[in-house]
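Chemist: Show me how the following folds:
(chains A and B)
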Number of protein chains: 2
Amino acid sequence: VHCLSPRTNLCLAIRDMQGRGYLPDGTTRLGRGGEPIRHFMGTSTFAEYTVMPEIALAKINKDAPLDRACLFACGLSTGIGAALNTAKVAPGSTCVVFGAGMVGLGAVVGCRLAGAERIIAVDLSADRLALTPHHGATETLLGGDDIVERIVELTGGFGADYTFEATGNTTVMRQAVESARMGWGLCTIAGVAGKGETLDVVPRYLITGRRIAGSSFGGCKGRDDVPKLVERYLAGEIDVDSFVSHTLTLDDVNRGFELMERGDGIRSVIDFT
Amino acid sequence: VHCLSPRTNLCLAIRDMQGRGYLPDGTTRLGRGGEPIRHFMGTSTFAEYTVMPEIALAKINKDAPLDRACLFACGLSTGIGAALNTAKVAPGSTCVVFGAGMVGLGAVVGCRLAGAERIIAVDLSADRLALTPHHGATETLLGGDDIVERIVELTGGFGADYTFEATGNTTVMRQAVESARMGWGLCTIAGVAGKGETLDVVPRYLITGRRIAGSSFGGCKGRDDVPKLVERYLAGEIDVDSFVSHTLTLDDVNRGFELMERGDGIRSVIDFT
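Modeler: Down below sits the predicted model:
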């Protein structure tokens, strides 16, 4: 239904089986001790060998080192795409990015690539904020209850042309909506909220011209857009190295989850060689 | 700031004084028994003679009867503009309009003028719904708790390309968001909610491609767009007569408010002649 539509990247072709952890033919090809193991996200890349649907693969430039290119499989592309595909940031704009994890850093990169004039990064961690200027942030702010007021003040009383939410926290989502400019400000939600949580929007913010969009995988069509982003990486436009905080072996995969849960680093990469 | 921007119709030029009920020079020119009366919305049209800022006037075709053209000063233009300017409905689309008062009827007209293929009107009143096919509605539905499910079912399990909310009720706003299509559905909020009320959005609806916009005066720049809409009325594209339910004299103005509060009719027009 959606494959040829330029309006969405949400592929439905193999969704039903994928959502249940099966390959398109309804089988699983992984197992341990005779017990079948289901497939995660149609790829199951925490395995030395995996079977996946052909449609789940994208062909990238052979020159790209895999321990760097792998970051484009999710968070980084999500952030960059949120700015380039979903929000379609216009050159010269003022942008605010809430959250400086992988998705937020990607959004900072995307805003820079789109030619934004000001990119304001917001996070609760000064350490994470410190990573953002290298990728294009022009200002950094520690988050807090008064962040909307501070952003409105920094933007001449109006708010930002584009705001991005990359935390999954619904309170931050609301701040992102309210930091968007009257008249045309667009808030793009890229974070995933907890089940049952709602984003509370004061309708007056909408009536006075703000818009809200959401972004899944940054609106990227994986097959077309991931190879293009890898090319931009190879061309030196995106510094992927700086996002790789740890390199682990597959045996250490659980340490990778521990590091993630501690918020230690941006991305841990598993080296299979 | 905004006047020449194609991105918004929110004029700031005289907003401060207008919001407080004064003309741009800070005065009021109306009074009764020596007591000053403030100006409503910068126009104060419930008076035989009024002084208003030149910027608050639009010049329309002289052939247009004033007792019809007056409807373009607010609700009707709001609804038409929500479809044409804010949502920019694409030809062949499926649209849902919640609320069949003046704004909702205007949205039905706007969707028709934009070339929508299906226009589904939703209201709690069968009488109001009965007015909508004449203006372009292809289907009508009585509102209710299960309206989202019914719309999703009527649209092949997806939802509508464009939804419009014209009731001011935040529960209906949420239904309008959730009736929009995954992938690209746009929900345009045109109704004005009560103070302190919030629209609760489940972020998953956004992440899966829906967008939310708001519309004030349908995104119309009054001076440019009202004359154009009047021309479309004169060309026979918009049946304004059918919206005029009652014609009153200025002495009867309070009866007009009573009729409005009872939901009797779409618009009462005051005849000054």
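Chemist: Sketch out the strands for the stretch 1-150 of chain A, chain order is fine.
Modeler: For the stretch 1-150 of chain A, the strands defined by DSSP state E, counting those that start in this stretch occupy A:30-32, A:35-37, A:94-98, A:118-123, A:139-142.
Chemist: Pick the most deeply packed of those strands.
Modeler: With neighbours taken as mean count of other C-beta atoms under 10 Å in any protein chain shown, the strands of the stretch 1-150 of chain A reach their highest mean count in strand A:94-98, at a mean of 31. No exception for glycine: its C-beta is placed from N, CA and C like everyone else's.
Chemist: Show me what that strand is in contact with.
Modeler: A:83, A:89, A:104, A:107-108, A:111, A:116-123, A:132, A:137, A:143, A:151, A:155, A:160-167, A:172, A:175-176, A:179, A:181 (C-beta atoms under 8 Å, 6 or more residues apart in numbering or on different chains).
Chemist: Would you format the strands of the stretch 1-150 of chain A as CSV with mean pLDDT included?
Modeler: Formatted as CSV, the strands of the stretch 1-150 of chain A follow (pLDDT from 0 to 100):
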stretch, mean pLDDT
strand A:30-32, 90
strand A:35-37, 94
strand A:94-98, 98
strand A:118-123, 98
strand A:139-142, 98
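Chemist: Nearest to B:Val244, out of those?
Modeler: Within the strands of the stretch 1-150 of chain A, the stretch nearest B:Val244 is strand A:94-98; the backing value is 45.6 Å (C-beta to C-beta).
Chemist: How about the residues of the stretch 151-273 of chain A by chain B?
Modeler: A:170, A:173, A:182-184, A:189-193, A:197-216 (C-beta under 8 Å from any C-beta of the partner chain).
Chemist: which of these count as buried?
Modeler: Among those, those classed as buried by 16 or more other C-beta atoms under 10 Å in any protein chain shown are A:170, A:173, A:182-184, A:189-191, A:193, A:197-207, A:209-216.
Chemist: from these, which ones fall inside helices?
Modeler: Applying DSSP state H to those, the entries found in helices are A:Thr170, A:Met173, A:Pro203, A:Arg204, A:Tyr205, A:Leu206, A:Ile207.
Chemist: from those, which is closest to chain B?
Modeler: Ranked by distance to chain B (C-beta to the nearest C-beta), those are led by A:Leu206 at 2.8 Å.
Chemist: In the stretch 1-150 of chain A, what residue lies closest to chain B?
Modeler: Counting by C-beta to the nearest C-beta, the stretch 1-150 of chain A gets nearest to chain B through A:Thr8 (3.4 Å).
Chemist: So that residue sits against B:Gly185, correct?
Modeler: No: taking contacts as C-beta atoms under 8 Å, A:Thr8 lies outside contact range of B:Gly185: 9.8 Å.
Chemist: So for those two, which residues contact both of them?
Modeler: Taking C-beta under 8 Å, 6+ apart as the criterion, A:Thr8 and B:Gly185 both touch B:Gly209.
Chemist: In terms of neighbours, single out the busier of the two.
Modeler: B:Gly185 (28 against 20; other C-beta atoms under 10 Å in any protein chain shown).
Chemist: Could I get the contacting residues of the closest residue to the more buried one other than its chain neighbours?
Modeler: Leaving out its chain neighbours, the residue that sits closest to B:Gly185 by C-beta to C-beta, 6 or more residues apart in numbering or on different chains is B:Arg210, at 4.7 Å. Under the criterion of C-beta under 8 Å, 6+ apart, the neighbours of B:Arg210 are A:Gly214, B:Gly159, B:Val177, B:Ala180, B:Arg181, B:Met182, B:Trp184, B:Gly185, B:Leu186, B:Cys187.
Chemist: In CSV, list the C-alpha atoms belonging to the helix or strand hosting the last one.
Modeler: Just to be clear, that refers to B:Cys187. Here B:Cys187, judged by DSSP states H and E, is contained in strand B:186-189. Extracted C-alpha coordinates of strand B:186-189, given in CSV (Å, rounded to 0.1, in the frame of the first residue of the first chain):
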residue,chain,number,x,y,z
LEU,B,186,-3.5,15.5,9.0
CYS,B,187,-5.8,16.6,11.7
THR,B,188,-6.7,20.3,11.6
ILE,B,189,-8.1,21.8,14.8
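Chemist: A:Ser268: what secondary structure?
Modeler: Of the three states, A:Ser268 takes strand under DSSP: H, G, I helix; E, B strand; the rest coil.
Chemist: all helices in the stretch 1-150 of chain A, in order from the N-terminus.
Modeler: A:15-19, A:66-69, A:75-81, A:102-113, A:126-135, A:147-154 (DSSP state H, counting those that start in this stretch).
Chemist: Any chance of CSV for those helices, columns mean neighbour count?
Modeler: What follows is the helices of the stretch 1-150 of chain A, written out as CSV (neighbours: other C-beta atoms under 10 Å in any protein chain shown):
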stretch, mean neighbour count
helix A:15-19, 14
helix A:66-69, 16
helix A:75-81, 27
helix A:102-113, 29
helix A:126-135, 16
helix A:147-154, 17
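Chemist: Format these as JSON lines; extra columns: mean pLDDT and distance to B:Thr27.
Modeler: Output for the helices of the stretch 1-150 of chain A, formatted as JSON lines (pLDDT from 0 to 100; distance: least, C-beta to C-beta, whole Å):
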{"stretch": "helix A:15-19", "mean pLDDT": "90", "distance to B:Thr27": "64"}
{"stretch": "helix A:66-69", "mean pLDDT": "96", "distance to B:Thr27": "67"}
{"stretch": "helix A:75-81", "mean pLDDT": "98", "distance to B:Thr27": "53"}
{"stretch": "helix A:102-113", "mean pLDDT": "98", "distance to B:Thr27": "46"}
{"stretch": "helix A:126-135", "mean pLDDT": "97", "distance to B:Thr27": "50"}
{"stretch": "helix A:147-154", "mean pLDDT": "98", "distance to B:Thr27": "31"}
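Chemist: can you list these in TSV and add distance to A:Lys228?
Modeler: TSV is the format used below for those (distance: least, C-beta to C-beta, whole Å):
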stretch	distance to A:Lys228
helix A:15-19	24
helix A:66-69	12
helix A:75-81	10
helix A:102-113	11
helix A:126-135	19
helix A:147-154	32
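Chemist: Out of these, which gets nearest to A:Met260?
Modeler: helix A:102-113 (10.0 Å).
Chemist: which other residues reach the closest one?
Modeler: Applying C-beta under 8 Å, 6+ apart, the external contacts of helix A:102-113 come out as A:71, A:74-84, A:89, A:93, A:95, A:97-98, A:100, A:119, A:121, A:123, A:131-132, A:135-137, A:162, A:164, A:166-167, A:190-191, A:218, A:232, A:237-238, A:243, A:266-267.
Chemist: try 7 Å this time
Modeler: Residues outside helix A:102-113 that contact it (C-beta atoms under 7 Å, 6 or more residues apart in numbering or on different chains): A:75-84, A:89, A:95, A:97-98, A:119, A:121, A:131-132, A:135-137, A:164, A:166, A:190-191, A:237-238, A:243, A:266-267.
Chemist: Now do the same contact list for A:Gly218.
Modeler: A:Ser77, A:Thr78, A:Gly79, A:Ile80, A:Gly81, A:Ala82, A:Asn85, A:Thr86.
Chemist: Make JSON lines out of the residues you listed and add distance to B:Gly26.
Modeler: Formatted as JSON lines, the contacts of A:Gly218 follow (distance: C-beta to C-beta, whole Å):
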{"residue": "A:Ser77", "distance to B:Gly26": "54"}
{"residue": "A:Thr78", "distance to B:Gly26": "51"}
{"residue": "A:Gly79", "distance to B:Gly26": "48"}
{"residue": "A:Ile80", "distance to B:Gly26": "50"}
{"residue": "A:Gly81", "distance to B:Gly26": "50"}
{"residue": "A:Ala82", "distance to B:Gly26": "45"}
{"residue": "A:Asn85", "distance to B:Gly26": "48"}
{"residue": "A:Thr86", "distance to B:Gly26": "44"}
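Chemist: Can you lay out these as a markdown table showing distance to chain B?
Modeler: As requested, these are exported to a markdown table (distance: C-beta to the nearest C-beta, whole Å):
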| residue | distance to chain B |
| --- | --- |
| A:Ser77 | 15 |
| A:Thr78 | 10 |
| A:Gly79 | 14 |
| A:Ile80 | 17 |
| A:Gly81 | 13 |
| A:Ala82 | 11 |
| A:Asn85 | 11 |
| A:Thr86 | 9 |
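Chemist: I'm done for today, thanks for sticking with me.
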